[in-house]
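In: Below: sequence and its predicted model.
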Amino acid sequence: MPIHDQSYRHYGGGRALPGRSWTVIAWAGIMTMIRKRVFIGLLLISMAPFIVVAGRAWVAANYPQMSMLAPSAETFRQYLEWQGFFIFLITVWAGAGLIANDRRANALQIYLSKPLMRSEYIAGKLAVLFGFLMLITFVPAMLLLLLKIAFDGNFTFLKENLFLIPAITIGSLIQVSVAAFLMLALSSLSKSARYVGILYVGITFFTSAIYAVLYAITGSSRIAWISINNNVLQVVDVVFRLKPRYAVPWQVSLLVIIAVVVVSISILERRVRGVEVVT
Amino acid sequence: MDAVVNLDGVTVIYGKNQALKNVTATFVRGAVGLLGPNGAGKSTMLKALLGFVKPDKGTMSVLGMNVADSPLPIRARIGYMPENDAHIPGMNAVSFVAYCGQLAGLPAVDAMQRAHEVLYYVGLGEARYRNVDTYSTGMKQRIKLAQALVHDPDLLFLDEPTNGMDPKGRDEMLELVRDLGHNKGVSLILSSHLLPDVEFTCDHVVVMDKGQVAAQGPIEELKGPAGRVYELRIKGDLPGFLEELARRGMDTHGTDDDVMRVFVPAGAGDQQSIFKAATEFGVQVRHLRPSVPTLEDVFAKAIGEE
């Protein structure tokens, strides 16, 4: 007779209440990316604009003759715009396979047979992209604001530009939301991460290219709403109290952004299912 | 007997195809086979019970909870082993199973400990640090069972668990399923089109055909009343001997050739009773051997095959 049964045993420990599984999914997704050294390298490179602006703030604060380098409120808007390039790279790299790889490996039925809702699964996957994208937009922008205050040694800049706190928050959220929702929706459409990446790049460049052609023909930027990127730029300009760069009303751009997010959610709602019914 | 799953008038329609037609079935505690040919609606039934597919009509309950009202509490207490290859890409076996445990609500440390335990239990202990993508078909079947077990479910849904396995692996998988159902106190529903698999692992069966329940109940009961069946051939007065057997409470049925089937009810003896009757009646027994009714007979009868 065995002194200890080493076969299947029942579990007597605690269990979390349903509703927290999205954090497990998000954490697993983040850890998967962080284990890739090249990805960490990209995150570090994306900090280059931050170092430049922080350096400018330090020089301007310490050398009065270099005060023209001091970051203004507009610098924070420029910073988020520069980060657009890294948002694009990280979205393609970290986002293309988020759902596509699960679909390829039939993992959705594994996920959805556990006590979690489809919305939790989507939230977990979104959180992966949101986490990385906010890390290269919102976090360094806020840190820059803190450094500016620290280097100046007073709160004058913040008092004069208090709107920067909500502007950075909302501006970052707009940039990140559009990229994350669009990429996740595309990722749910295919079983190939490579194809999804190409599709995202195609949509981004194609809409911008169409705008460029139409602008060249008409000479008007009223059709800037046709490009997803232009809409984001237009609305974020308004958020930072700057004059919008295109002739299209910013409300139209905002509507296009909302439409992109709503359509993406609708695609996700249809595609993220435990069983694919082909009739 | 305690029911773990109940379906009442469930109809599932895919486009123009009725996958389940007004199905009413009860799955009792223990190991129950869900038997039927491909396309009978077995997988659809499991997916409906998991909440993946919403029935167009009818109600379902699992472990006493309504599937439509309580999908999450139900899924917290069941384990599902899908039919086709399914895993989380890019993970090794122990990470994958622990991850599934965490998704089911286990704390990270407990999930990892359970992952090691169930991987040993399903026979993947030595391969637990290998990436699941590199596993063979048989190993993928085992890890699907491991992820279904990691959170210690009360009820398991196993969809064709021996698909693609070699004979040795298949036997081992069936031993595991039998052990879970009979020794570990885990109720399970085994969906399969393989009669021997169901017969080996289960005590009860629900036979499906063309989206409907063709038969259901304990396997032994469906096989026929208690007693034993023998194939018998004699030399001598056949009609008279048949009357003699009937007088002694044994039922006889002729077959195409000269061999008849004799049913000896429980308590009416065994083959010795037939020998005794033959001796006393004065006929010669030329052939006598036990004939065991199989689940195949039940299945064929249920779906109307000759």
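Out: All right, it came through fine.
In: okay, CA-based contacts and neighbour counts for the rest of this
Out: Noted.
In: Checking the residue of the stretch 151-300 of chain B at minimum distance from chain A next. Helix, strand or coil?
Out: Nearest to chain A, among the residues of the stretch 151-300 of chain B, is residue B:152, at 5.8 Å (CA to the nearest CA). Using DSSP: H, G, I helix; E, B strand; the rest coil, the three-state assignment for residue B:152 comes out as coil.
In: what number of residues lie near it?
Out: The burial metric for residue B:152, expressed as a neighbour count using other CA atoms under 10 Å in any protein chain shown, is 23.
In: which residues does it contact?
Out: Taking CA atoms under 8 Å, 6 or more residues apart in numbering or on different chains as the criterion, residue B:152 is in contact with A:10, A:11, B:77, B:79.
In: quick one: which helix or strand includes residue A:31?
Out: With elements taken from DSSP states H and E, the one containing residue A:31 is helix A:21-34.
In: Does anything pack onto that helix? Which helices or strands?
Out: The criterion is 3 or more CA pairs under 8 Å, 6 or more residues apart in numbering or on different chains; DSSP states H and E, and the helices and strands that helix A:21-34 contacts are helix A:118-136, helix B:93-103.
In: 6 Å instead, please
Out: Using 3 or more CA pairs under 6 Å, 6 or more residues apart in numbering or on different chains; DSSP states H and E, the elements in contact with helix A:21-34 are helix A:118-136.
In: If I take the following helix or strand past the helix it packs on and helix A:118-136, what angle do their directions form?
Out: From helix A:118-136 onward toward the C-terminus, using DSSP H and E, the following helix or strand is helix A:138-152. With axes from the mean of the first three to the mean of the last three CA atoms, to 10 degrees as the criterion, the two stretches helix A:138-152 and helix A:118-136 enclose an angle of 30 degrees.
In: Now go through the contacts of residue B:152 and say which are in helices.
Out: Secondary-structure check on the contacts of residue B:152 using DSSP state H: residues within helices are residue B:77.
In: Out of the contacts of residue B:152, the closest to residue A:273 would be?
Out: residue B:79 (17.7 Å; CA to CA).
In: Could you report the distance from that closest one to residue B:93?
Out: 17 Å (CA to CA, to the nearest Å).
In: cool, residue B:114 as well?
Out: 12 Å.
In: burial count for residue 144?
Out: You didn't say which chain, so I picked chain A. Going by other CA under 10 Å, the residues that sit close to residue A:144 add up to 20.
In: I was after chain B.
Out: 24.
In: now residue B:265
Out: Counted by other CA under 10 Å, the residues lying close to residue B:265 total 16.
In: pLDDT score assigned to it?
Out: pLDDT, residue B:265: 77.
In: quick one, phi psi at it?
Out: Here the main-chain torsion angles of residue B:265 (degrees, to the nearest 10) amount to phi -70, psi 160.
In: Same check on residue B:185?
Out: When read as degrees, to the nearest 10, the backbone of residue B:185 gives phi 70, psi 20.
In: From residue A:80, how far off is the residue nearest to the spatial centre of chain A?
Out: When CA atoms, centre = their mean is applied to chain A, the residue found nearest the centroid is residue A:176 (2.9 Å). Here the criterion is CA to CA. By it, residue A:176 lies 11 Å from residue A:80.
In: Provide the backbone phi and psi angles at residue B:150.
Out: Here the main-chain torsion angles of residue B:150 (degrees, to the nearest 10) amount to phi -60, psi -30.
In: Backbone torsions only: list them for residue B:252.
Out: phi -130, psi 140.
In: so it bridges to which residues?
Out: According to DSSP bridges, the residues that bridge with residue B:252 are residue B:262.
In: Show me which residues of the stretch 101-250 of chain A sit near chain B.
Out: With the criterion set to CA under 6 Å from any CA of the partner chain, the stretch 101-250 of chain A comes near chain B through A:105, A:106, A:107, A:114, A:115.
In: what's around the third one, how many residues?
Out: Around residue A:107 there are 21 other residues, counting by other CA under 10 Å.
In: Next up, the contacts around it.
Out: Under the criterion of CA atoms under 6 Å, 6 or more residues apart in numbering or on different chains, the neighbours of residue A:107 are B:86, B:87, B:88.
In: ok but the second one is inside a helix, no?
Out: No: the assignment for residue B:87 (three-state DSSP) gives coil, which keeps it out of a helix.
In: State the distance from the nearest residue to it once chain neighbours are set aside to residue A:101.
Out: Distances taken as CA to CA, 6 or more residues apart in numbering or on different chains place residue A:107 nearest to residue B:87, at 5.2 Å, with adjacent residues excluded. Note on residue A:107: its distance to residue A:101, by CA to CA, is 8 Å.
In: Residue B:28 and chain A: what is the separation?
Out: Between residue B:28 and chain A the computed distance is 21 Å (CA to the nearest CA, to the nearest Å).
In: Looks like that residue contacts residue B:6 (just checking).
Out: No: taking CA atoms under 6 Å as the definition, residue B:28 is not a contact partner of residue B:6, at 8.8 Å.
In: Tell me the confidence at residue B:213?
Out: What the model reports as pLDDT for residue B:213 is 93.
In: Quickly find the element holding it.
Out: Taking DSSP H and E as the definition, one finds residue B:213 inside strand B:212-218.
In: quick one: the helix or strand just after that strand to chain centroid distance?
Out: Once the chain leaves strand B:212-218, the next helix or strand it forms, by DSSP H and E, is helix B:219-223. Helix B:219-223 sits 13 Å away from the centroid of its parent chain (CA atoms, centre = their mean, to the nearest Å).
In: Show me what counts as buried in helix B:219-223.
Out: The neighbour-count criterion (16 or more other CA atoms under 10 Å in any protein chain shown) identifies B:219, B:220, B:222, B:223 as the buried residues of helix B:219-223.
In: can you redo those residues as TSV with distance to chain A and pLDDT?
Out: Listed next are those as TSV, based on distance: CA to the nearest CA, whole Å; pLDDT from 0 to 100:
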residue	distance to chain A	pLDDT
B:219	26	87
B:220	28	81
B:222	31	79
B:223	32	73
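In: Export those residues as JSON lines, with columns for distance to residue A:181.
Out: Below are the buried residues of helix B:219-223 laid out as JSON lines (distance: CA to CA, whole Å):
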{"residue": "B:219", "distance to residue A:181": "52"}
{"residue": "B:220", "distance to residue A:181": "56"}
{"residue": "B:222", "distance to residue A:181": "55"}
{"residue": "B:223", "distance to residue A:181": "57"}
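In: Could you list the low-confidence segments of the stretch 101-250 of chain A?
Out: Under the criterion of pLDDT under 70, none of the stretch 101-250 of chain A is flagged as low confidence.
In: can you give me the helices in it?
Out: Remark: helices of the stretch 101-250 of chain A, listed N- to C-terminal, are A:108-112, A:118-136, A:138-152, A:156-160, A:164-187, A:193-218, A:228-239, A:250-271; assignment by DSSP state H, counting those that start in this stretch.
In: For the residue most central in space within chain B, give its distance to residue B:163.
Out: Among the residues of chain B, residue B:33 comes closest to the average C-alpha position under CA atoms, centre = their mean, at 2.1 Å. Applying CA to CA, the value for residue B:33 to residue B:163 is 15 Å.
In: Could you do residue A:41 as well?
Out: Distance from residue A:41 to residue B:163, by CA to CA: 44 Å.
In: Same drill for the two, tell me which one is more crowded.
Out: Looking at residue A:41 and residue B:163 with other CA under 10 Å, you find the greater number of neighbours at residue B:163, namely 16 against 11.
In: In a helix, that one, correct?
Out: No: counting by three-state DSSP, one finds residue B:163 to be coil, located in no helix.
In: And it, its phi and psi?
Out: Here the main-chain torsion angles of residue B:163 (degrees, to the nearest 10) amount to phi -50, psi 130.
In: Same question for residue B:27.
Out: Comment: the main-chain dihedrals of residue B:27 come out as phi -110, psi 120, following degrees, to the nearest 10.
In: bridging residues for it?
Out: Listed by DSSP bridges, the beta-bridge partners for residue B:27 are residue B:5.
In: contacting residues for it?
Out: Neighbour list for residue B:27: B:3, B:4, B:5 [criterion: CA under 6 Å, 6+ apart].
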